[in-house]
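Engineer: could you look at this predicted model? Sequence included:
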Amino acid sequence: MNGDRRGKDLAKGPIGRTIFFLAAPIVLGMFLQTAFNIIDTFYVGMLGSEQLAAISVTFPVVFIFIAIAVGLAVGTTALVSQALGARKHDDASNIAEHSLLAAVLVGIAVAVFGIMFSPPLFEFMGVHGEILQMTVAYANLIFVGFMFLFIGFLSQGIIQAGGDSKTPTRNLAVSVIANIILDPIFIFGFGPVPAMGLVGAGWATIISRSLGASLNVSHLLRGKSAVRIEPRCFCFTPSILKRIFMIGWPSSLSQSINSIGMILLTSLVGTFGVGALAAFGVGIRLESLAIMPLVGLGNAVVPFIGQNIGAGKMNRVKKCVSLTSYAAILFMLLIMSIWYFAPQVLFSPFTSDAEVLSIGTEYFQIISLGYIFMGLVFITGAAFQAAGRTTLQMLINIFRWSVTLSVAYWLVGGMGISGIWWGFPIGNVLGFVVFMIFLRSGFWLRKWEGKTSDT
């Protein structure tokens, strides 16, 4: 095997320029990724508040399993980029092949688990009756398509590890366009296709995600990436799979903590009625769209730092963290301003329900107060992941969510639903403080210091 076909050496060139051109397609890709949820929410909102509530409560549950894919992708990207930075192209390809095998196996296991246990979990979240039936039917379809989601995430991470962020973004754009076309056809019916309502949105998502995953894998098989996949040369090595999981599982658990936190908060929000659930669900989706540039920037940090660690260039690693932190502050200031001063404008395309609009407005105005700190948490967390310090990142995230949940449950009795919202900014501020303590201590880079080649 040989490398460097269409990859990019991230250990050379101007740091700011390199990160920008790596991050820009990833940011677009994250927008497209979130578009799946936004598009579904837009069309399902036309069916009514009950259907909107049903799709809203699935989001944190489904994201628990997406977190596993994200964690595996982090482990894969970190290991592949470090191998490429050290010019070990055969190792990089071997790691990539094992990660795709893991995607298939774990994707199937997650689908089975999700289908078996989703009904009692949704009941715990306060969903009952007809809404429960709709929610389970939609969620089960999403679970069925999880193997394609896993393959898509990991193949994207492999390609990005080589410095090519444009190709997976183009492939993702194709799948999003397919979803835009298929959603109204399957939800409302067209020609010979019957109207399937909420279930139709699930089928549209499955087909669209399988298309994007297929394009990524085809790119790798045709040798157009810095990492080439050659199934005929594959030799199963358990130790490689173990390395991927050892780096990936803390990231998966960390992301799962986010979802578990959202599930607990959703159950608390559900005590305030269907309108509150709908507002919270739409708010989560809008927020996930707005912070995509931040998430994309964090995703660009992982391969950049990974390759530079592999090449022993620690000064470039530290400058990367500094530059991206300033970028995160500026971006989150902009989002904070929009969220605080124009929340109703953002909610109005999804619902005309006065209760949903009122609750959603207050939600945005409170949570936006902690956005700058959330941005810095994203960047420092990505840096820790790239350095293989995923366990440290996980522990700090657990602390952040513990604060968020404790504050929400403490304040809800005296402040009502507003008390739930205040948990977010307080958790982000304290989480940022802990992240900065470890960042400035230099502990996260200590095991790599002996490999420094900077002058």
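Structural biologist: Yep, that arrived.

Engineer: and Ala382, how many neighbours?
Structural biologist: Other residues lying near Ala382 total 25 when counted by other Cβ atoms under 10 Å. (Glycine included, C-beta is placed from N, CA and C.)

Engineer: for Gly442, that is, sorry about that
Structural biologist: Gly442 is surrounded by 11 other residues when neighbours are defined as other Cβ under 10 Å.

Engineer: mind checking pLDDT for Phe186?
Structural biologist: At Phe186 the predicted local distance difference test score is 90.

Engineer: tell me if it really is in a helix.
Structural biologist: Yes - inclusion of Phe186 in a helix is indicated when DSSP: H, G, I helix; E, B strand; the rest coil is applied.

Engineer: let the chain start at 17 from now.
Structural biologist: All right, first residue 17 from here; so that's Phe202.

Engineer: that one contacts Leu214, correct?
Structural biologist: No - here Phe202 does not reach Leu214: they are 10.1 Å apart, not a contact under Cβ atoms under 8 Å.

Engineer: roughly how far does Thr407 sit from Leu461?
Structural biologist: As judged by Cβ to Cβ, to the nearest Å, Thr407 and Leu461 stand 15 Å apart.

Engineer: next, Val209: phi, psi?
Structural biologist: The phi/psi pair for Val209 (degrees, to the nearest 10) reads phi -80, psi 120.

Engineer: beta partners of it?
Structural biologist: With DSSP bridges applied, Val209 shows beta-bridge pairing to Phe206.

Engineer: what is the burial count for it?
Structural biologist: As a burial measure, Val209 scores 14 neighbours (other Cβ under 10 Å).

Engineer: thinking it is in contact with Phe202, fair?
Structural biologist: Yes - the pair formed by Val209 and Phe202 meets the contact definition of Cβ under 8 Å, at 6.5 Å.

Engineer: return the per-residue confidence for Met46.
Structural biologist: Met46 is assigned a pLDDT of 67 by the prediction.

Engineer: on that earlier part again, neighbour count winner among Thr407 and Leu461?
Structural biologist: More neighbours sit around Leu461 than around the other of Thr407 and Leu461, counting by other Cβ under 10 Å; the figures are 20 against 16.

Engineer: what sits against the more buried one?
Structural biologist: If a contact means Cβ atoms under 8 Å, 6 or more residues apart in numbering, then Leu461 has 325, 330, 333-334, 403 as its contacts.

Engineer: 7 Å - rerun?
Structural biologist: Applying Cβ atoms under 7 Å, 6 or more residues apart in numbering, one finds that Leu461 lies in contact with 330, 333, 403.

Engineer: closest to the centroid, which residue in the chain?
Structural biologist: The central residue of the chain, meaning the one whose C-alpha is nearest the mean C-alpha position (Cα atoms, centre = their mean), is Val86 at 6.3 Å.

Engineer: next secondary structure after the helix or strand where that one lies?
Structural biologist: Per DSSP states H and E: Val86 is located in helix 65-101. Using DSSP H and E, the helix or strand that follows helix 65-101 in sequence is helix 105-140.

Engineer: which strands or helices does that following helix pack on?
Structural biologist: Taking 3 or more Cβ pairs under 7 Å, 6 or more residues apart in numbering; DSSP states H and E as contact, the helices and strands that helix 105-140 lies on are helix 65-101, helix 145-160, helix 162-177, helix 254-286.

Engineer: winner for burial among these?
Structural biologist: Most buried of the helices and strands packed on helix 105-140, by mean neighbour count (mean count of other Cβ atoms under 10 Å): helix 162-177, with a mean of 28.

Engineer: and the worst-scoring helix or strand of the chain on mean pLDDT with helix 145-160, angle?
Structural biologist: Every helix and strand of the chain was ranked by mean pLDDT, DSSP states H and E. The lowest is helix 31-61, at a mean of 73. Relative orientation of helix 31-61 and helix 145-160, computed by axes from the mean of the first three to the mean of the last three Cα atoms, to 10 degrees: 140 degrees.

Engineer: what is helix 31-61 packed up against?
Structural biologist: Under the contact criterion of 3+ Cβ pairs under 7 Å, 6+ apart, helix 31-61 touches helix 65-101, helix 182-204, helix 214-237, helix 290-306, helix 308-326, helix 330-357.
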